[in-house]
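Trainee: Provide a 3D model corresponding to the input given below.
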Amino acid sequence: MDIAVYLLIPVIGLLGAVVENRISRLDRRIGAIERKVDLVLDHLGIRETVPELDRVAGLVREGRKIEAIKVYRQLTGAGLKEAKEAVERM
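Mentor: Model (predicted):
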């Protein structure tokens, strides 16, 4: 029984690494898709209207860019780079 546990621990670690790698790749792919959709929307002149983002836009107008990025991340769950790019587009 003890040997089985010792053999199972590396297998679980390996599976965890595989799952983490897969999630990381999916996150990158989703980010790429979101950027492409944003480009298409910008090209078509379509603006996403989310009432909560009005607060972010207000912070941008006041010159409080860092706080705007922080609030954007809280509202959307976006990463730092994505939030920075979104705030810069506002």
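
Trainee: Asp42 contacts Ala86, correct?
Mentor: No - counting by CB atoms under 8 Å, Asp42 does not reach Ala86; the two are 11.3 Å apart. Quick note: C-beta positions are derived from backbone N, CA and C, even for glycine.

Trainee: which one of these two is surrounded by more residues?
Mentor: Neighbour count, other CB atoms under 10 Å: between Asp42 and Ala86, Ala86 has more, with 20 against 11.

Trainee: can you give me the helices for the chain?
Mentor: Along the chain, counting by DSSP state H, helices occupy 2-44, 53-61, 65-76, 80-89.

Trainee: need those helices in TSV (columns: mean pLDDT).
Mentor: Output for those, formatted as TSV (pLDDT from 0 to 100):
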stretch	mean pLDDT
helix 2-44	89
helix 53-61	87
helix 65-76	90
helix 80-89	88
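
Trainee: for the closest residue to Thr76 other than its chain neighbours, which residues are in contact?
Mentor: In space, and not counting its chain neighbours, Thr76 is closest to Ala83: 7.2 Å by CB to CB, 6 or more residues apart in numbering. The contact partners of Ala83, by CB atoms under 8 Å, 6 or more residues apart in numbering, come to Ile69, Lys70, Tyr72, Arg73, Thr76.

Trainee: list the buried residues of stretch 59-74.
Mentor: For stretch 59-74, burial by neighbour count (16 or more other CB atoms under 10 Å) applies to Leu59, Val60, Ala68, Ile69, Lys70, Val71, Tyr72, Arg73.

Trainee: right, and the first one touches Ile66 too?
Mentor: No - with contacts defined as CB under 8 Å, Leu59 does not count as touching Ile66, sitting 9.0 Å away.
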